[in-house]
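1. prediction below, plus the sequence it came from.
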Amino acid sequence: MYWPKIQRTLFPGQQDGEEIVMETRQHWMVFLIKFILWLMFAAILILTDWAIGRFAPTLGTHPYVEYVNLIKSIYLMFLVLGLLILWAMYYLNVQIITNQRVVDITQESLVHHTISELHLSRIEDVTAEVDGVLGTFLDYGNVYIQTAGETERFVFDRIPNPTRVEKMILDLYEALPKEQQLPKSPLEK
């Protein structure tokens, strides 16, 4: 029996012969900070029973306990939904570097995302920036890609190993055939 070969694309708009060199997301510390803030809201749910027992013991008796449990259940549902949204936003915001272009997929909400792409030949400058104590110790920061097009600057926000990403993009640009690269200014010759 003949099975046709199915072309599998790994991201929207991937072209034939385009190989993914690197895929990067925000550093795990960015998610951890948001998760710690989420834990503070989870602590409210845990502290509710203690506060009711200490300051409002009447709410722990019939018929009030059913209303309190209903409110706590609704709060828990929103709490779990918030955690799922945090994870989805972290996971779906991705930057993909291929042998032909740079693709930035930004998930702005659950139902709205933006895909920006930049061909390697349009790159004018790539800058890596590491800022702050956490950024220095954990090696995360921003990568800025300067272009001559409508989108003047691509920003990869708080990604791991920004200097490695910068070097990789510049190496891919240098690997392009000379006719595809932007002409250098007279001062750089």
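-> Okay, I see it.
2. from now on I want contacts and neighbour counts done on CA atoms only, so please keep to that.
-> Will do.
3. the chain: strands as residue ranges?
-> Counting by DSSP state E, the chain has these strands, from start to end: 20-24, 94-98, 101-109, 112-119, 123-129, 140-147, 153-160.
4. hey, which of those is tucked in deepest?
-> strand 140-147 (a mean of 22; mean count of other CA atoms under 10 Å).
5. hmm, who's touching it?
-> For strand 140-147, the surrounding residues in contact (CA atoms under 8 Å, 6 or more residues apart in numbering) are 27, 122-131, 134-135, 152-163, 165-166.
6. same check, this time on stretch 105-112
-> Here stretch 105-112 makes contact (CA under 8 Å, 6+ apart) with 85, 88-89, 92-95, 113-116.
7. relative to residue 23, which of these is nearest.
-> For the contacts of stretch 105-112, the minimum distance to residue 23 (CA to CA) is 5.8 Å, reached by residue 95.
8. now do the phi/psi pair for residue 14.
-> Here is the backbone geometry of residue 14 (degrees, to the nearest 10): phi -70, psi 130.
9. and of the strands of the chain, who's closest to residue 47?
-> Per CA to CA, nearest to residue 47 of those: strand 101-109, 30.6 Å.
10. centre of the chain to the closest one, how far?
-> 8 Å (CA atoms, centre = their mean, to the nearest Å).
11. relative orientation of it and strand 153-160 in degrees?
-> Orientation of strand 101-109 against strand 153-160 (axes from the mean of the first three to the mean of the last three CA atoms, to 10 degrees) gives an angle of 80 degrees.
12. so for strand 101-109, mean pLDDT?
-> Taken as a whole, strand 101-109 carries a mean pLDDT of 89.
13. go on, stretch 162-175?
-> Mean pLDDT, stretch 162-175: 92.
14. enumerate residues external to that stretch that contact any of its residues.
-> Contacts with stretch 162-175, where a contact means CA under 8 Å, 6+ apart, come from 97, 99, 120-121, 123, 126-130, 139-143, 181.
15. now for the most centrally placed residue in the chain: which residues touch it?
-> In the chain, the centroid-proximal residue (CA atoms, centre = their mean) is residue 93; its distance is 3.3 Å. Neighbour list for residue 93: 25-26, 104-107 [criterion: CA under 8 Å, 6+ apart].
16. who touches the nearest residue to residue 25 once chain neighbours are set aside in this structure?
-> In space, and not counting its chain neighbours, residue 25 is closest to residue 94: 4.9 Å by CA to CA, 6 or more residues apart in numbering. Contacts were defined as CA under 8 Å, 6+ apart; by that measure residue 94 touches 23-26, 104-106.
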